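Visitor: for reference, the sequence and a predicted model appear below.
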There are 2 protein chains.
Amino acid sequence: MAQEHTVKAFDDDITRLRGLIAEMGGLAEVALTDAIEALVKGSEDLARGVIARDKKLDVLEAEVDKLAVRIIALRAPMADDLREVIAAMKICGVLERIGDYSKNIAKSAMKVEQRRKFEPLTLIPAMADLAGQMVHDVMTAYAARDAVLAAEIIARDDKVDAFYDSIFRNLVSHMMENPASITSAAELLFVARNIERIGDHATNVAEMVHYAATGIYLTDRDDRKNA
Amino acid sequence: MAQEHTVKAFDDDITRLRGLIAEMGGLAEVALTDAIEALVKGSEDLARGVIARDKKLDVLEAEVDKLAVRIIALRAPMADDLREVIAAMKICGVLERIGDYSKNIAKSAMKVEQRRKFEPLTLIPAMADLAGQMVHDVMTAYAARDAVLAAEIIARDDKVDAFYDSIFRNLVSHMMENPASITSAAELLFVARNIERIGDHATNVAEMVHYAATGIYLTDRDDRKNA
């Protein structure tokens, strides 16, 4: 079990890097859950909490970048290890984006009025559950370097997109029938769009996890992405 | 004028890195211009061109990342130089995002019907010009390492946000008066939101340019960002 000093130091760095990513994943997941709860309950306190805590994700992203650069510069990792460090930098950027989308949802949540009138307020939490589960599972796939789970998560994004289409149609009908609540309905459109983007970005992370584990890019989803 | 081999190699690498970023900036700017033209003229060909060319931004982003990692690993840059390489990695990610937003606009452009009826179709191009100019100028600031210009660009984002608010209100009124065209109006809402996000991201790049040039982060805009 004799290990060189540099190998031990590299392993310690990678463990810390993975810990920071896991922390960011947890925060991103909670941000989405809280933002949706803020929307459904109309809780301004919850919404403000999501917005305030988003800064923590920005700080962690900067920490990941700094550590990743240090690892590349000092430990000169090769092949698999270098791929892992690059994946960490990319993943932290995406997790920060997911936090941004949740922050957008929290901001929209504060602008929706007479929420009981909106049928999508039952569809949106179901859609958010799906997207949140993708974020949760992709962090599991990352921790376990599980390329099979990563590929399975990518396939789930179609369900999130189908939810989005259904909510979009529902809200457009609602707007036609209730012109007075168009402003609130427009915010709900943005909420649905932001959740759809979270699904896209969880998919992006899954692609990076797949890449880090196998060296193979699962691209060419690009036409479906951002659809 | 005697230069060490490693210094020359480092300078060559940085020059290539800056060239790739400049190319990405140019593509991102053209994508926005073409997406808006596709919207205004209702040209599906133009819209499809924007969507197809977005892949080039993804490829260039991957190239920047690869080159940046190589520079850090082989040249072990310190202080200012390291800051520049990290800024390049971050900036390329944001430029890729700006391309994504333009792609979203192109996709919405294809869904808008009876465009002559929408007053925001004159406001949206004006808003896009402002945001596009921010993207253009921030690339100039990047090339010239101009922290003053970067700070000036950051201040412009408020104008883009004001445009957004005005277009949002206009579209909501339009929806109330013309329930039959709510679907198209909703797409125009998304277009305005995507332009607003491009302004935000041009601002983010300006912050990074400022950081790369001075080492000082101009943060705490976070509450206005994504508003």
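Guide: Yes, it's here.

Visitor: rest of the way, CA atoms for contacts and neighbours
Guide: Will do.

Visitor: most centrally placed residue in chain A?
Guide: Geometric centre of chain A, nearest residue: A:Ile98, 3.7 Å, by Cα atoms, centre = their mean.

Visitor: so what pLDDT did the closest residue to that residue other than its chain neighbours get?
Guide: Computed as Cα to Cα, 6 or more residues apart in numbering or on different chains, the closest residue to A:Ile98 that is not its neighbour in sequence is A:Ile198, at 5.6 Å. Note on A:Ile198: pLDDT of 96.

Visitor: likewise A:Arg75?
Guide: pLDDT at A:Arg75 comes out at 82.

Visitor: kindly report the same for A:Ile86.
Guide: The model reports A:Ile86 with a pLDDT of 82.

Visitor: neighbours of it, how many?
Guide: Other residues within reach of A:Ile86, judged by other Cα atoms under 10 Å in any protein chain shown, total 19.

Visitor: show me which residues of chain A sit near chain B.
Guide: Residues of chain A that fall close to chain B, judged by Cα under 8 Å from any Cα of the partner chain: A:55, A:69, A:72-73, A:76, A:100, A:104, A:107, A:172, A:175-176, A:179-180, A:182-183, A:186, A:222, A:226-227.

Visitor: can you flag the buried ones in these?
Guide: Burial by neighbour count, judged by 16 or more other Cα atoms under 10 Å in any protein chain shown, picks out A:55, A:69, A:72-73, A:76, A:100, A:104, A:107, A:172, A:175-176, A:179, A:182-183, A:186, A:226 from those.

Visitor: and the worst-scoring helix or strand of chain A on mean pLDDT, which residues are buried?
Guide: Least confident element among the helices and strands of chain A, by mean pLDDT, DSSP states H and E: helix A:79-109 (a mean of 89). Buried residues in helix A:79-109, counting neighbours by 16+ other Cα under 10 Å, are found at A:81-109.

Visitor: one more: stretch A:44-56?
Guide: For stretch A:44-56, by 16+ other Cα under 10 Å, it's A:Glu44, A:Leu46, A:Ala47, A:Arg48, A:Gly49, A:Val50, A:Ile51, A:Arg53, A:Asp54, A:Lys55.

Visitor: nearest residue to the first one in space, please, no chain neighbours.
Guide: Put plainly, it is A:Glu44. Closest residue in space to A:Glu44, ignoring its immediate chain neighbours: A:Met110 at 6.0 Å, by Cα to Cα, 6+ apart.

Visitor: and that neighbour, how close does it get to A:Asp12?
Guide: Note on A:Met110: its distance to A:Asp12, by Cα to Cα, to the nearest Å, is 43 Å.

Visitor: contacts only, for A:Asn10.
Guide: Asn isn't right for residue A:10; it's Phe. A:Ile71, A:Arg75 (Cα atoms under 8 Å, 6 or more residues apart in numbering or on different chains).

Visitor: at 7 Å instead, please
Guide: With contacts defined as Cα atoms under 7 Å, 6 or more residues apart in numbering or on different chains, A:Phe10 is in contact with A:Arg75.

Visitor: repeat that for the one 3 residues further on.
Guide: Shown here is A:Asp13, whose contacts under the criterion Cα under 7 Å, 6+ apart are A:Ile71.

Visitor: and A:Val172, by the same measure?
Guide: B:Ile182, B:Thr183.

Visitor: secondary structure element for it?
Guide: helix A:147-177 (DSSP states H and E).

Visitor: same question for A:Leu20.
Guide: Per DSSP H and E: helix A:5-41 holds A:Leu20.

Visitor: if we can go back for a sec, the helix holding A:Val172: how far from the chain's middle?
Guide: 15 Å (Cα atoms, centre = their mean, to the nearest Å).

Visitor: surely A:Ile36 and A:Pro125 touch.
Guide: Yes - taking contacts as Cα atoms under 7 Å, A:Ile36 lies within contact range of A:Pro125: 6.4 Å.

Visitor: out of the two, which sits in the busier spot?
Guide: Taking neighbours as other Cα under 10 Å, A:Ile36 and A:Pro125 compare with A:Ile36 leading, 27 against 19.

Visitor: ok, now which ones touch the more buried one?
Guide: A:Ile36 touches A:Pro125, counting by Cα under 7 Å, 6+ apart.

Visitor: cool, and A:Val7?
Guide: For A:Val7, the contact set (Cα under 7 Å, 6+ apart) is empty.

Visitor: if we go to 10 Å?
Guide: A:Asp13, A:Arg75 (Cα atoms under 10 Å, 6 or more residues apart in numbering or on different chains).

Visitor: again with A:Tyr101
Guide: A:28, A:31-32, A:35, A:95, A:107, A:190-191, A:193-198, B:226.

Visitor: what sits closest to A:Pro77 if chain neighbours are left out?
Guide: Counting by Cα to Cα, 6+ apart, A:Pro77 lies nearest to A:Ile71, which is 7.5 Å off, once chain neighbours are set aside.

Visitor: show me what whichever strand or helix holds the one you found is packed against.
Guide: Per DSSP H and E, A:Ile71 falls inside helix A:44-75. Judged by 3 or more Cα pairs under 10 Å, 6 or more residues apart in numbering or on different chains; DSSP states H and E, helix A:44-75 is in contact with helix A:5-41, helix A:79-109, helix B:44-75, helix B:79-109.

Visitor: tell me which of these sits nearest to A:Ile154.
Guide: Closest of these to A:Ile154 is helix A:79-109, at 15.0 Å (criterion: Cα to Cα).

Visitor: tell me the spacing between A:Ala79 and chain B.
Guide: Plainly put, A:Ala79 is 12 Å away from chain B if you go by Cα to the nearest Cα, to the nearest Å.

Visitor: that residue touches A:Gly215, doesn't it?
Guide: Yes - between A:Ala79 and A:Gly215 a contact is recorded at 9.2 Å, counting by Cα atoms under 10 Å.

Visitor: okay, now the unreliable bits of chain A?
Guide: Confidence mapping of chain A against pLDDT under 70 gives the ranges A:1-5, A:218-227.

Visitor: quick check on A:Asp129: phi, psi?
Guide: Taking degrees, to the nearest 10, you get phi -60, psi -50 for the backbone angles of A:Asp129.
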